[in-house]
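Colleague: Predicted structure and sequence below. I'll ask about it afterward.
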Amino acid sequence: MKLIAHRCNTLESFDIALAYNPDAIEMDIVYFENSLYLYHPSGNKNLFGHDVDQIIQQEMTEKQNKIELDLKNIAPKLLDKAEFLLLDLKQKSLDVLPQFLEQVKQLNAKPTQILVGSRDTERMEVLKENLNSLQVLSLGSTYEEHKKMVEMGATKVRLWEDDLSKDYVKKIKDLGVEVFVTAGYKTSPERKGNAGFVTIGKLEWFNDLEIDAVLVNDMELARKIIG
């Protein structure tokens with residue numbers, strides 16, 4: 001089972017994660033002024049019905065030193081250590097997707113080194129035309145959405161921990177794809193914000209389910225269990 005360092009959105013978090021040899025690194029990305037930047041949102045205000053794209057525009061405009069958050073400057077170092085980067089484009093508008101993809105190509109990475117998440121078939125329609133420069137991870141919320149995106153070219157499917165059962169994992173794998181899991185729960189309000197949280201028991205359970213990769217916050221703990 002591969003370990004993906006989750007939410008590596010600061011330079012400090014990269015250094016911490018790389019110390020434990022992650023197989024891959026996940027990061028939130030935004031397209032802004034002809035570059036791709038790491039994005040660390042201010043609080044959770046973008047989760048409650050506000051205009052995500054407007055919030056991103058405001059927050060990125062206010063950032064003083066964007067150069068050190070520019071993915072072009074960071075990606076070579078990361079790809080020297082990790083097998084691939086998992087990029088989650090935070091802007092919801094499809095208008096920025098072509099520019100995002102053009103910037104991804106400028107990273108000069110192999111297609112196997114860039115994995116881009118897709119939450120819906122509309123975004124997948126654009127991504128499927130670029131499978132010569134990247135791979136796609138389905139971030140759908142239902143089996144039907146996953147199946148459709150796999151038919152369109154996604155090679156991996158992300159499930160949440162509370163989606164998991166032996167039968168459902170098998171059903172997804174029968175589509176011919178790898179199964180990734182985001183540790184933590186997506187539904188319960190009291191558990192909000194714990195995406196990537198793992199315990200020894202959870203890691204052993206994921207391994208028993210033959211999960212291909214898990215997104216975790218605590219790389220030190222995860223690497224102790226998954227050598």
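Modeller: Looks like it came in fine.
Colleague: what stretches of the chain score poorly on pLDDT?
Modeller: Applying pLDDT under 70 to the chain flags residues 41-50, 64-65, 67-68, 186-193.
Colleague: The top strand by length along the chain pairs with which strands, and in what direction?
Modeller: Using DSSP state E to define each element, the chain has its longest strand at strand 24-32. Strand 24-32 sits in its sheet next to strand 2-5 (parallel), strand 35-38 (antiparallel), strand 84-89 (parallel), going by DSSP bridges.
Colleague: Make JSON lines from the ones you listed and add distance to Gly227 and mean neighbour count to it.
Modeller: For every residue, glycine as well, the C-beta is placed using N, CA and C. As requested, the strands paired with strand 24-32 are exported to JSON lines (distance: least, Cβ to Cβ, whole Å; neighbours: other Cβ atoms under 10 Å):
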{"stretch": "strand 2-5", "distance to Gly227": "10", "mean neighbour count": "23"}
{"stretch": "strand 35-38", "distance to Gly227": "29", "mean neighbour count": "22"}
{"stretch": "strand 84-89", "distance to Gly227": "20", "mean neighbour count": "23"}
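Colleague: Distance to Glu59 added to the ones you listed, as CSV?
Modeller: Formatted as CSV, the strands paired with strand 24-32 follow (distance: least, Cβ to Cβ, whole Å):
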stretch, distance to Glu59
strand 2-5, 23
strand 35-38, 10
strand 84-89, 15
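Colleague: show me where the chain has helices.
Modeller: Assigned by DSSP state H, the chain shows helices spanning 11-18, 52-62, 71-81, 97-105, 121-127, 143-151, 166-173, 200-208, 219-225.
Colleague: how about the third one: buried residues?
Modeller: The neighbour-count criterion (16 or more other Cβ atoms under 10 Å) identifies Leu71, Ile74, Ala75, Leu78, Leu79 as the buried residues of helix 71-81.
Colleague: Likewise for the fifth one?
Modeller: Of all the residues in helix 121-127, those buried under the rule 16+ other Cβ under 10 Å are Arg123, Met124, Leu127.
Colleague: The second one contacts Ser118, doesn't it?
Modeller: The one in question is Met124. Yes - shown here, Met124 and Ser118 form a contact pair, counting by Cβ atoms under 8 Å, at 4.6 Å.
Colleague: overlap in contacts of these two?
Modeller: The contact sets of Met124 and Ser118 overlap at Val136, Ser138, Met149, Ala154 (Cβ atoms under 8 Å, 6 or more residues apart in numbering).
Colleague: tell me which residues form a beta bridge with the first one?
Modeller: Spelled out, it's Val136. Here Val136 shows beta-bridge partners Val116, assigned using DSSP bridges.
Colleague: which residues sit in contact with the residue nearest to Pro98 when sequence neighbours are not counted?
Modeller: Excluding the flanking residues, the one nearest Pro98 by Cβ to Cβ, 6 or more residues apart in numbering is Val126, at 7.2 Å. Val126 sits next to Leu94, Leu97, Pro98, Leu101 when contact means Cβ under 8 Å, 6+ apart.
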